[in-house]
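**Student:** need the 3D shape of this:
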Amino acid sequence: MKKYNIIKSLFTFLFCSLLTFTASSQQENVDNLSFPQSWEGIWAGELSIYDKSGVKQTIPMELHIQPIDTSDNHTFWIIYGEDKDAGKRAYELVTIDADNGLYAIDEQNSIQMEAYLLDNQLIQRFEVMGNMLITINEKVDENTITWTIISGSTTPVSSTGKEEIEGEEIPEVKTYPLKIVQKAILKKI
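**Tutor:** Numbering: from 1, shown residues only. Sure thing, here's the model as predicted:
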């Protein structure tokens, strides 16, 4: 009986070690793929648009990330709605400095905005027409990218601090309103 328990324990240990090694090897293979190559594909799902009262609108959304033959750049096509021609935004993902996680989204109309790859998230922060927007695209796993856009006015709703308290200079802190959040879970198709 004692010999059986030792063999059983050894088998369990080897089996668990093999599972752990296989899972970590698969994860390393996913992690070792470089951006944007590891994000290539067509991703689709529903985009939900929220305001203070809840979901205002839900529409189909696609993200197409494909290599462009003539450069290190990729398509970054965003398609909103059922009409794929009318809803298509044919942007380009431009590699500026991959080693430092610096990219840009080129809208092909004189607008090009930097994007930063941080912790497997492609993040942008920009202002347009009095609104500040933050976009966060995250590759969650091999088959899922989450898409989030947060927006609100660049006019602060409050300003606090900017005082001296007990000999310490307290910096001014401005708070900005948030109006809209857009969220999508996009699956590889």
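
**Student:** ok, Thr187 - contacts?
**Tutor:** Slight slip there: residue 187 is Lys, not Thr. By C-beta atoms under 8 Å, 6 or more residues apart in numbering, Lys187 lies in contact with Trp43, Ala44, Gly45, Asn143, Thr144. In this view, the C-beta of every residue, glycine as well, is placed from N, C-alpha and C.

**Student:** which one of the residues you listed is nearest to His64?
**Tutor:** For the contacts of Lys187, the residue nearest His64 by C-beta to C-beta is Trp43; the value is 7.7 Å.

**Student:** what is the burial count for that closest one?
**Tutor:** 23 (other C-beta atoms under 10 Å).

**Student:** do the same with Lys52
**Tutor:** Here the number of neighbours of Lys52 (other C-beta under 10 Å) works out to 8.

**Student:** residue contacts, Asp106?
**Tutor:** Contacts of Asp106 by C-beta under 8 Å, 6+ apart are Tyr91, Glu92, Leu93, Val94, Gln112.

**Student:** thinking again about what came up before, and of the contacts of Lys187, the nearest to Asn137?
**Tutor:** Ranked by distance to Asn137 (C-beta to C-beta), those are led by Trp43 at 9.6 Å.

**Student:** how close does the closest residue to the closest one other than its chain neighbours sit to Trp77?
**Tutor:** Nearest non-adjacent residue to Trp43, counting by C-beta to C-beta, 6 or more residues apart in numbering: Leu186, 3.7 Å away. Taking C-beta to C-beta, to the nearest Å as the measure, Leu186 falls 12 Å from Trp77.

**Student:** kindly report the same for Ile150.
**Tutor:** As judged by C-beta to C-beta, Ile150 and Trp77 stand 22 Å apart.

**Student:** also Pro60?
**Tutor:** Distance of Pro60 to Trp77, given as C-beta to C-beta: 14 Å.

**Student:** can you give the domain ranges for this protein?
**Tutor:** Annotated domains of the chain cover 1-32, 35-188 [automatic domain parsing].
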